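> Next one to model:
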Amino acid sequence: MTDTQKFEYWIETGRTNGQFTLHRRLVGRPRHWAVNEYTYIRNIGRIYEEAVERADKYIDENHPKGFGIVKDYAPGEGGELRHPGEYVCDTLWFGKYTGADLEDVVANDPEYLRYIRDNFHRASGNPKMTALLKQIDDMELGESERERAYRERQEQRAQEEIEWHDRKQPIPTELAEGRSTFTGKVIATYERETQFGIQNKMIFEDDRGFKLSSTAPRALWNDFTDSPRGCEIQFDAAVVISDDDPCFGFAKRPTKVIVTKETRNNA
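Residues are numbered from 1 along each chain as shown. Okay, the predicted model is just below:
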C-alpha cells in the first residue's frame, strides 16, 4: 500500500429511524464486479452523539496502520461523519415508495406520508429521519384518516356522554333482590387481567336508563373477532348497585344471552 491510499468513514442511519451504522471505503480501490466498494462495519447506536463517540473509538483502535490517512476526518469533529441538519430528504429511502420524490408521493398517495408523519418515532439525534419528518410537516398535509377517525370517535363518545346524562335513571332497588332480565345495548368493551387470566368486560346500557358493568359472555363473540359494541342484547343476571352512583351497577353471572340486533361498531 502507498501513502496515497486512504480510507473514508461515514455514518448512516437505518432504513427507517432505528440504528446508526458505521461504514468505510478505501479511496482509489480498483473497481471489480466481485468487490463491494462500500463496507458496512458495525452498528454504533441509536443516539447520534453516542454513535459519533463509538465511531471515534473504533477508528482510533482499528484504522489499519500504514494505510494512509482518514480523509477529512478529525476525531470529535466529524469530517466525513454525518451531522444533524446535513440531510435534505426530497426522496424516500424506505417503504413501498423507495426512491420516489416526495412531491410525487404527495400527489398520488398523500395518506402514506401522513402515516409516516403520525407514526414514525421522532428520535432525537436521528438527523435523517428528523429531516424527512420536517420536510413532510412543511407540506401541511392536514389530518390523516387515522387522526380523523380518532377525533370523530372522541366527539361521538363525548356527545353520547352528554345524552346519557340527560336520560339516565337510578337502578330500581328491587332489581338488587335477585336475578332479573335486562334488555339494552352494549356501549363499550374492554379487557381486564385477573387471577384467572384475561377477561372480556362490557358496559351495558339498559333500556330503562341505567348502566351495568359485567363480564362479556363468550356468546357475544360467537364467530366474530370484532367487539360486540353496538349490539342490542338481552340477558339474565343479579345486580349490585354502586355505592357511588345510583345509575350504575354491576351485573353478576350473566346468562341466557340473546343478541336481538347484530350491530358491531368498534368505533
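> Hmm, Pro228 and Lys185 touching each other?
No. Lys185 lies out of contact with Pro228 (CB atoms under 8 Å); the separation is 9.8 Å. Any C-beta I mention is one placed from the backbone N, CA and C, and that applies to glycine too.
> So for the two, which residue has more residues nearby?
Higher neighbour count among Lys185 and Pro228: Pro228, with 26 against 19, using other CB atoms under 10 Å.
> Centre-most residue in this protein?
With distances taken as CA atoms, centre = their mean, the chain has Asn119 as the residue nearest its mean C-alpha position (5.6 Å).
> for the biggest helix by length in the chain, which positions count as buried?
In the chain, assigned by DSSP state H, the helix with the most residues is helix 145-167. In terms of neighbour count (16 or more other CB atoms under 10 Å), helix 145-167 has no buried residues at all.
> And the next helix or strand past it?
strand 179-194 (DSSP states H and E).
> related to what we said a few turns ago, can you give the distance of the longest helix of the chain from its chain's centre?
22 Å (CA atoms, centre = their mean, to the nearest Å).
> Kindly state the beta-bridge partners for Tyr190.
Lys201 (DSSP bridges).
> try Glu232
Bridge pairing for Glu232 - DSSP bridges - gives Lys185, Lys261.
> roughly how far is stretch 160-168 from the heart of the chain?
32 Å.
> What helices and strands are in contact with the longest helix of the chain?
Packed against helix 145-167 by the contact rule (3 or more CB pairs under 8 Å, 6 or more residues apart in numbering; DSSP states H and E) you find helix 110-119.
> tell me which residues of the helix it packs on are tucked away?
Result for helix 110-119 [16+ other CB under 10 Å]: buried residues 112-114, 116-117.
> Check those residues and tell me the two furthest apart.
The span of the buried residues of helix 110-119, defined through CB to CB, is set by Tyr112 and Arg117 at 9.8 Å.
> picking that back up, can you tell me which of the buried residues of helix 110-119 lies nearest to Gln156?
After measuring the buried residues of helix 110-119 against Gln156 - CB to CB - the closest member comes out as Arg114, at 21.7 Å.
> In three-state terms, label the residue nearest to Ile116 when sequence neighbours are not counted for me.
Leaving aside its chain neighbours, Ile116 sits nearest to Ile136 (6.3 Å; criterion: CB to CB, 6 or more residues apart in numbering). What DSSP: H, G, I helix; E, B strand; the rest coil gives for Ile136 is helix.
> Might one say that Ile136 is in contact with Leu102?
Yes. Using CB under 8 Å, Ile136 is in contact with Leu102, at 7.2 Å.
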